[in-house]
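Asker: the sequence and its predicted three-dimensional model are supplied below.
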Number of protein chains: 2
Amino acid sequence: MSILEYRIIGMSLRHALLGLLSQGSASGYDLLKVFEISLANVWPATQSQLYGELGRLADAGLIEVVAEGPRGRKAYGLTEAGMAELRRWLVEVPPEQLHRSDMLLRVFFLGVVSTEQARAYLEEQGAVATRTHEHLDTIRPIVAEDDRDLSVYGRIALEWGLRFTRMQQEWAEWAAREIEAHTSRAPSETSA
Amino acid sequence: MSILEYRIIGMSLRHALLGLLSQGSASGYDLLKVFEISLANVWPATQSQLYGELGRLADAGLIEVVAEGPRGRKAYGLTEAGMAELRRWLVEVPPEQLHRSDMLLRVFFLGVVSTEQARAYLEEQGAVATRTHEHLDTIRPIVAEDDRDLSVYGRIALEWGLRFTRMQQEWAEWAAREIEAHTSRAPSETSA
DNA sequence: TTCTGACGTTCCTGTAGTGACATGTCGAAA
DNA sequence: TTTCGACATGTCACTACAGGAACGTCAGAA
């Protein structure tokens, strides 16, 4: 049996923009703020990427300028074709199951530092996860209170974050214990 | 190019190579096989990236050619400087906490498809996670049996995968139920 | 009035990542 | 002997991404 086979179908910035515009028209600047705040942990994007992509989407007829404002502001809205593309992506294109994981890569090579350093590293990771988890927990009531029709998806995304951070935290603790157990069974020279 | 002007922020392909070479010398072709098989879901890399990076690492003095074989084969090994850099990266450089998540991005916009489609999507995600989990579970005894000194880190990485997939699966089931509950409370028109 | 700061877009440079193609060596089979 | 497939490295063009400089507009404060 071969290791998982998957295809990487990139370009989700495009669909992030379509998704945001499906919830109302906005300018590049507006969208940039959304990326800086609410979408930062999900799909970070920079201004140079964003404006470029908006231009390409407009050329492709997926979005169009629906209003112009002061200072050259252009508000974009989704076209029919854009909405169709968004739906198609959501339903038909399989999501990426796995992505590059800096952390996992490190774990593969933790053996080259001392056991003590490896344990300290994992404890730090657990602590970071705990902090993030607590932060998410803080904003949970705020999201829950927002009872617009769509907010169920906001809650689902938040819950993912909560579960992910808790998992990471428990894993880090388990891993640190595992290293300790391994060390006491077979004490190796501290190699760094 | 001197080591001084060599940038070391981000770019974990570099450290993946150093990590692999820390476990024994290997040629570009050997390393490519490792990326295709065991490192595929952690840090995918292509051949064009790999050979280029090997050249740059050699120029920077972090690795060196330790043997030459037939068909122009060059086996690389880690230098002292390379090992030092690997240790530095592991211990000093903080890992990225968050990365792009295609899946979460989709959840944010699930509202634009019908409730039925959204539920189906989440169930599919749960099923995929379950399959991956089962696959990982299958290879668990193989990893456990390999009792070299370093294998504890292999086990830790595997455990991360197991916990991650279980978390994802439980979350998808929870989310599907959540959507169902939301729908029965406030039945909305199927919008697609 | 002038200055400042937020708004808003455009462009630039450099690096990272992808897929395809080009080049060549070698062993074994037909 | 020819040919084919695995081995092995190298290069190319293109896209994605990051960071920021440059530039103009407008509202309100000093």
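Answerer: Here it is on my side, so go on.
Asker: quick check: closest non-adjacent residue to A:Thr79.
Answerer: Leaving aside its chain neighbours, A:Thr79 sits nearest to A:Glu64 (5.4 Å; criterion: CB to CB, 6 or more residues apart in numbering or on different chains). In this view, the C-beta of every residue, glycine as well, is placed from N, C-alpha and C.
Asker: check A:Met83 too.
Answerer: Leaving aside its sequence neighbours, A:Met83 sits nearest to A:Ser22 (CB to CB, 6+ apart; 6.4 Å).
Asker: I'd assumed A:Ala84 was in contact with the one you found.
Answerer: No: no contact is recorded between A:Ser22 and A:Ala84 when judged using CB atoms under 8 Å, the distance being 11.1 Å.
Asker: roughly how far does the residue of chain A found nearest DNA strand C sit from A:Gly77?
Answerer: Closest approach between chain A and DNA strand C, counting by CB to the nearest atom of the strand: A:Gly28, at 2.9 Å. In this structure, A:Gly28 lies at 13 Å from A:Gly77, with CB to CB, to the nearest Å as the measure.
Asker: and chain A, which residues reach DNA strand D?
Answerer: Taking CB under 7 Å from any atom of the strand as the contact definition, chain A meets DNA strand D at A:10-13, A:44-49, A:70-72.
Asker: from those, list the buried ones, please.
Answerer: Applying a neighbour-count criterion of 16 or more other CB atoms under 10 Å in any protein chain shown, the buried members of the residues of chain A next to DNA strand D are A:12-13, A:45.
Asker: so can I have TSV of those showing pLDDT?
Answerer: As requested, those are arranged in TSV below (pLDDT from 0 to 100):
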residue	pLDDT
A:Ser12	84
A:Leu13	90
A:Ala45	88
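Asker: ok, the residues you listed vs A:Arg155, which is closest?
Answerer: For those, the minimum distance to A:Arg155 (CB to CB) is 21.8 Å, reached by A:Ser12.
Asker: that closest one: what's it in contact with?
Answerer: Shown in contact with A:Ser12 (CB atoms under 8 Å, 6 or more residues apart in numbering or on different chains): A:43, B:100, B:102, B:105.
Asker: what about those residues, which are in helices?
Answerer: Within the contacts of A:Ser12, residues falling in helices by DSSP state H are B:102, B:105.
Asker: of the contacts of A:Ser12, the lowest pLDDT goes to which?
Answerer: In this model, the minimum pLDDT among those belongs to B:Arg100 (79).
Asker: backbone phi and psi for the nearest residue to it once chain neighbours are set aside, please?
Answerer: When the adjacent residues along the chain are set aside, B:Arg100 lies closest to A:Trp43, with 5.3 Å between them (CB to CB, 6+ apart). Taking degrees, to the nearest 10, you get phi -150, psi 80 for the backbone angles of A:Trp43.
Asker: can you get me a residue count around A:Trp43?
Answerer: Look at A:Trp43: counted by other CB atoms under 10 Å in any protein chain shown, it has 20 neighbours.
Asker: contacting residues for it?
Answerer: For A:Trp43, the residues meeting the contact criterion (CB under 8 Å, 6+ apart) are A:12-13, A:16, A:35, B:100-101, B:104-105.
Asker: again with A:Leu21
Answerer: Contacts for A:Leu21 were tallied using CB under 8 Å, 6+ apart; they are A:31, A:63, A:76-78, A:82.
Asker: just the residues you listed: which are in strands?
Answerer: Counting by DSSP state E, the contacts of A:Leu21 place A:63, A:76-78 in strands.
Asker: out of the residues you listed, which are buried?
Answerer: Applying 16+ other CB under 10 Å to the ones in strands among the contacts of A:Leu21 flags A:63, A:76, A:78 as buried.
Asker: what pLDDT does the spatially most central residue of chain A get?
Answerer: When CA atoms, centre = their mean is applied to chain A, the residue found nearest the centroid is A:Val42 (2.5 Å). Looking at A:Val42, its pLDDT reads 81.
Asker: for stretch A:114-123, buried residues please.
Answerer: Applying a neighbour-count criterion of 16+ other CB under 10 Å, the buried positions in stretch A:114-123 are A:114-115, A:117-119, A:121-122.
Asker: farthest-separated two in these?
Answerer: A:Ser114 and A:Leu122 (12.9 Å).
Asker: got the domain boundaries for chain A?
Answerer: Structural domains of chain A, as assigned by automatic domain parsing, span the residue ranges A:12-92, A:102-185.
Asker: coming back round to it: can you redo the residues of chain A next to DNA strand D as TSV with distance to B:Ala181 and secondary structure?
Answerer: As requested, the residues of chain A next to DNA strand D are exported to TSV (distance: CB to CB, whole Å; DSSP: H, G, I helix; E, B strand; the rest coil):
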residue	distance to B:Ala181	secondary structure
A:Gly10	34	coil
A:Met11	34	coil
A:Ser12	29	helix
A:Leu13	32	helix
A:Pro44	32	coil
A:Ala45	33	coil
A:Thr46	38	coil
A:Gln47	39	helix
A:Ser48	42	helix
A:Gln49	38	helix
A:Pro70	45	helix
A:Arg71	45	helix
A:Gly72	46	helix
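Asker: so, low pLDDT: which residues of chain A?
Answerer: With pLDDT under 70 as the threshold, chain A has low-confidence stretches at A:1-10, A:97-98, A:142-151, A:185-192.
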